[in-house]
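S.K.: what shape does this take:
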Amino acid sequence: WNAVPTNGYELLPSHFLCWSDFEVKLINKWRYGKTQNHHPIAIGNLTLEIWKNEHSKVFKDVNSKISSLFQADKNLVEPTINILFTLQPINDPLPVWLIESIQASPKHWKWWMRLHPAMLSQSESIDKILHQNAIDDVNLQSATELPLPALLAHMDVHVTQLSSVVLEAEFFNVPSVITDDRAVQLFPKQIESSMALLATNPKELIEAISQQSLKRKKSTTSLYKGKESSIEKAKRILSDIKKDS
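M.R.: Residues are numbered from 1 along each chain as shown. Have a look, this model is predicted:
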């Protein structure tokens, strides 16, 4: 990207609608001073904005169907902590030490395990691994089938090796724990702000989840910090682009 043509690239969009100022800065880094094309604009994540609005029809419809899944267990003294584990299509998606962590976790921790879309054919094999290790209370089916935003709205902590769900989780103010050293380079802002913690063994993971669960609280903030609503800004920008074209 160091030799950007003055008129920009024919196959790239004239505008990039970005989730946050972070992406805007990255794009401006390679286009600034070289082309006026490929203009990045931070508008937030419009899809997640809709899901975050508890008054929206899509939120109400789905939430009413899944709310029973999140009812508190009356047999437990401590409040349930819901943990979403997003799996990745890599060579070892469920390493032994992560299984040991789930086995060692407190009874009031409820694990939800979501398969990556590229892993849907591995559902039976993952389920088999869980059963072989006497882990029968992990919700694999619902966690995979339900819309991700609907899950995040109910979660207390998100755990993953490398998934970009770290970003979506942050949007719902759900802190993450990452279990792969490489992810530190992928999510520097989240690591810096402690919205993501690194854990590479069972003891660290249990401690990190406990720590992150204390941060969870409902938030109405958007990834985009501008005063104008994301949806209204998107409508205005798209209207302006249509006029220019």
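
S.K.: C-alpha from now on. contacts and neighbour counts both.
M.R.: Fine.

S.K.: look up the closest residue to residue 81, ignoring the ones flanking it.
M.R.: Nearest non-adjacent residue to residue 81, counting by Cα to Cα, 6 or more residues apart in numbering: residue 109, 4.8 Å away.

S.K.: correction: the previous question concerned residue 140.
M.R.: According to Cα to Cα, 6+ apart, the nearest residue to residue 140 is residue 113 (4.9 Å).

S.K.: burial check on that neighbour, number of neighbours?
M.R.: By other Cα atoms under 10 Å, 21 other residues sit near residue 113.

S.K.: please report phi then psi for it.
M.R.: Backbone geometry at residue 113, expressed as degrees, to the nearest 10, gives phi -120, psi 120.

S.K.: pull the contacting residues for it.
M.R.: Contacts for residue 113 (Cα atoms under 8 Å, 6 or more residues apart in numbering) come out as 84, 85, 86, 87, 138, 139, 140, 143, 144.

S.K.: hang on, isn't the residue nearest to residue 81 packed against residue 84?
M.R.: No: if you go by Cα atoms under 8 Å, residue 109 and residue 84 don't touch, sitting 10.6 Å apart.

S.K.: ok, these two, which is more surrounded?
M.R.: residue 84 (26 against 17).

S.K.: with adjacent residues omitted, what lies nearest to the most centrally placed residue in the chain?
M.R.: Central residue of the chain (Cα atoms, centre = their mean): residue 165, 2.3 Å from the mean position. Spatial nearest neighbour of residue 165, chain neighbours left out: residue 86 (7.6 Å); criterion: Cα to Cα, 6+ apart.

S.K.: tell me which other helices or strands the helix or strand harbouring residue 190 touches.
M.R.: Applying DSSP states H and E as the criterion places residue 190 in helix 188-192. Counting contacts by 3 or more Cα pairs under 8 Å, 6 or more residues apart in numbering; DSSP states H and E, helix 188-192 is packed against strand 196-198.

S.K.: what pairs with the strand it packs on, parallel or antiparallel?
M.R.: The pairing partners recorded for strand 196-198 under DSSP bridges are strand 176-178 (parallel).

S.K.: ok so, going back, residue 157: which of the contacts of residue 113 is nearest?
M.R.: residue 84 (6.4 Å; Cα to Cα).

S.K.: which SSE is immediately downstream of the helix or strand that contains the closest one?
M.R.: According to DSSP H and E, residue 84 maps onto strand 81-86. Downstream of strand 81-86, the first helix or strand assigned by DSSP H and E is helix 96-104.

S.K.: neighbouring contacts of that following helix?
M.R.: With contacts defined as Cα under 8 Å, 6+ apart, helix 96-104 is touched by 111, 130, 133, 135, 201, 202, 203, 205, 206.

S.K.: check stretch 146-163 too.
M.R.: 48, 51-52, 59, 62-63, 70, 81-88, 143, 166, 168-169, 172, 174-180, 182-183, 209, 212-213, 216.

S.K.: and for stretch 174-192?
M.R.: Contacts for stretch 174-192 (Cα under 8 Å, 6+ apart): 152, 155-162, 166, 169-170, 194-200, 205, 208-209, 212-213, 215-217.

S.K.: list the residues that contact residue 143.
M.R.: Neighbours of residue 143 in contact, by Cα under 8 Å, 6+ apart: 84, 112, 113, 114, 115, 151.

S.K.: I'd like those laid out as CSV, including distance to residue 187.
M.R.: Converted to CSV, the contacts of residue 143 look like this (distance: Cα to Cα, whole Å):
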residue, distance to residue 187
84, 18
112, 22
113, 21
114, 20
115, 21
151, 21
